[in-house]
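[1] Generate coordinates for the sequence data below:
(chains A and B)
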Amino acid sequence: MIRAVKGTRDLLPPSTSVWNHVEAVARQVFSSYCYQEIRTPIFEETQLFARGVGEETDIVTKEMYTFEDRDGSSLTLRPENTASVIRAFIEHRLDQRPGVQKLYYMGPMFRRERPQKGRYRQFFQIGAEAIGSESPAIDAEVIEMVLEILGRAGLSGYQALINSVGCADCRPLFIARLREELKDKAHALCGDCQRRAASNPLRVLDCKVEADQPIIETLPSILDYLCERCRPHFAAVRQYLDDRSIPYEVKPRLVRGLDYYMRTTFEVVHGSLGAQNSVLGGGRYDGLAESLGSKIPSPGIGFSIGEDRLVMAVEEGFPARGPDLYVAPLGEPALRHAAVLARDLRRQGFSVEMAVEGKLKRSLELANKLGARFALIVGDNEMESGVYALKDMASGDQSNVNRAGITERIGN
RNA sequence: GUGGGUGUAGCUCAGCUUGGUAGAGCGCCGGAUUGUGGUUCCGGUGGCCGAGGGUUCGAAUCCCUCCACCCACCCCA
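    The predicted structure follows:
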């Protein structure tokens, strides 16, 4: 048997209705914030991600699906979409368009990791980028917007975490300080942290090992090292969030794994997701455009929702919806009559299923299993009189209604 | 890349310790009901027991190898 390849999966009904719901909500919210959709290619030149995401990141060093094209060029399935969006922004001179460029996207990304709960090799992200301003007001608006999506998608019980990771001026100073502290303290930490202390000291701050926490508490906070530009920026973001009464927690130890993040970073976590508890991550990336070859500075901020994870968290308790009406014709003449009737009702916007074979008993059985709200019986009597038997499947009540009566009853 | 867990019917699982050639519930199909679903009752469909090898008169069960899936680490959405 041929199966879906490791880390990929088929999304089947009824789950796909949840996916559609999440995507529809996102599009509505994006639209209300005047974000417009951008669709970039699924694969790009490998260099784009190597330079955009960061040569030393895990994504680039061990997780990319990279292959050689027939002409020898190196291509890569996108592991994330921000680099592509910035590439398109530069390529098409979107900086020449008026105002902040507000773009959103949704679609599959690819990373070759070991799959586990909430992690797949092909996974889906819904994201947005606001490019062209470094105003903290944009940061707050972006965070507000993404929380709006989560709420309207039906997610509750989540926690928003924010932080500032500084900029090219202040972060190096902090990292230097951190390295110094770790020289004395690293030996008491877990094995992973000892390794991180050398390779990526910021990661030590994010360690989840319980025994390490007392020591990690004593390490310096990046917030104490923010420079004269970053500190007021972060304060303003917080002020704007407070103005909106948006609940969040400042987590100075929140670090992100992609090189391009600077200043504001944020994340939303949810309890029902297993070890991969992050539903979305995002942040500011003011230097990214330049590092991808833009001659003009194009500061930006964006986020990406892990759609697989959001769907997982929202799916339970999502109501299954059956057809509005199940039409059960009795015999061939009735079927022809019922088919026209079904078409007209569908044109009116109702979801209508019609039995194309089988006895009445069987049809009602199916109407019940499919969760139809009403069943309509169309037989010789009904065709002759124009009065149909309409059955409320929940109560079992059956009434005789004419053609207009059908619309009226199922329309409520 | 590393560690742990699990593989038996479409699904959830029992059986494995103490080898004797497969079970339950749910689902699906049909009947009780010639134009009336849900509850109930009756019947039926359905599995080379993950794959290969070994031990044995005999293996779902014991041993070995492999594979797949899941969870976790790393890291991230």
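
[2] what's the helix or strand of chain A with the lowest mean pLDDT in contact with?
    When the helices and strands of chain A are scored by mean pLDDT, DSSP states H and E, helix A:191-199 comes last with a mean of 76. For helix A:191-199, contacts defined as CB atoms under 8 Å, 6 or more residues apart in numbering pick out A:R179, A:L182, A:A186, A:H187, A:L189, A:R203, A:V204, A:C207, A:V209, A:D212. Any C-beta I mention is one placed from the backbone N, CA and C, and that applies to glycine too.

[3] go again using 7 Å as the cut-off
    A:L182, A:A186, A:R203, A:V204, A:C207, A:D212 (CB atoms under 7 Å, 6 or more residues apart in numbering).

[4] Identify, from the residues you listed, the entry nearest to A:S272.
    A:C207 (23.1 Å; CB to CB).

[5] Am I right that the closest one falls within a strand?
    No. Counting by DSSP: H, G, I helix; E, B strand; the rest coil, A:C207 is not part of a strand but coil.

[6] mind listing the helices for the stretch 301-412 of chain A?
    A:307-315, A:332-347, A:360-370, A:380-385, A:403-410 (DSSP state H, counting those that start in this stretch).

[7] Tell me the buried residues in the longest one?
    In terms of neighbour count (16 or more other CB atoms under 10 Å), helix A:332-347 has its buried residues at A:A334, A:L335, A:H337, A:A338, A:L341, A:A342, A:L345.

[8] can I get these in JSON lines with distance to RNA strand B and pLDDT?
    Shown next, in JSON lines, are the buried residues of helix A:332-347 (distance: CB to the nearest atom of the strand, whole Å; pLDDT from 0 to 100):
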{"residue": "A:A334", "distance to RNA strand B": "9", "pLDDT": "94"}
{"residue": "A:L335", "distance to RNA strand B": "14", "pLDDT": "94"}
{"residue": "A:H337", "distance to RNA strand B": "12", "pLDDT": "94"}
{"residue": "A:A338", "distance to RNA strand B": "12", "pLDDT": "95"}
{"residue": "A:L341", "distance to RNA strand B": "14", "pLDDT": "96"}
{"residue": "A:A342", "distance to RNA strand B": "16", "pLDDT": "97"}
{"residue": "A:L345", "distance to RNA strand B": "18", "pLDDT": "97"}
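
[9] And these, which is closest to A:R70?
    Nearest to A:R70 among those is A:A342, at 50.7 Å by CB to CB.

[10] which residues touch the closest one?
    Contacts of A:A342 by CB under 7 Å, 6+ apart are A:V327, A:V352, A:M354.

[11] do you know how far it is from A:G107?
    Using CB to CB, to the nearest Å, we find A:A342 at a distance of 35 Å from A:G107.

[12] same thing with A:A375?
    39 Å.

[13] So which of the two has more stuff around it?
    A:A375 (24 against 14; other CB atoms under 10 Å).

[14] Now do the helices in the stretch 51-200 of chain A.
    Counting by DSSP H, counting those that start in this stretch, the stretch 51-200 of chain A has helices at residues A:58, A:82-91, A:136-153, A:171-185, A:191-199.

[15] got those as JSON lines, with distance to A:G300 and mean neighbour count columns?
    Formatted as JSON lines, the helices of the stretch 51-200 of chain A follow (distance: least, CB to CB, whole Å; neighbours: other CB atoms under 10 Å):
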{"stretch": "helix A:58", "distance to A:G300": "23", "mean neighbour count": "15"}
{"stretch": "helix A:82-91", "distance to A:G300": "7", "mean neighbour count": "22"}
{"stretch": "helix A:136-153", "distance to A:G300": "9", "mean neighbour count": "21"}
{"stretch": "helix A:171-185", "distance to A:G300": "18", "mean neighbour count": "15"}
{"stretch": "helix A:191-199", "distance to A:G300": "28", "mean neighbour count": "15"}
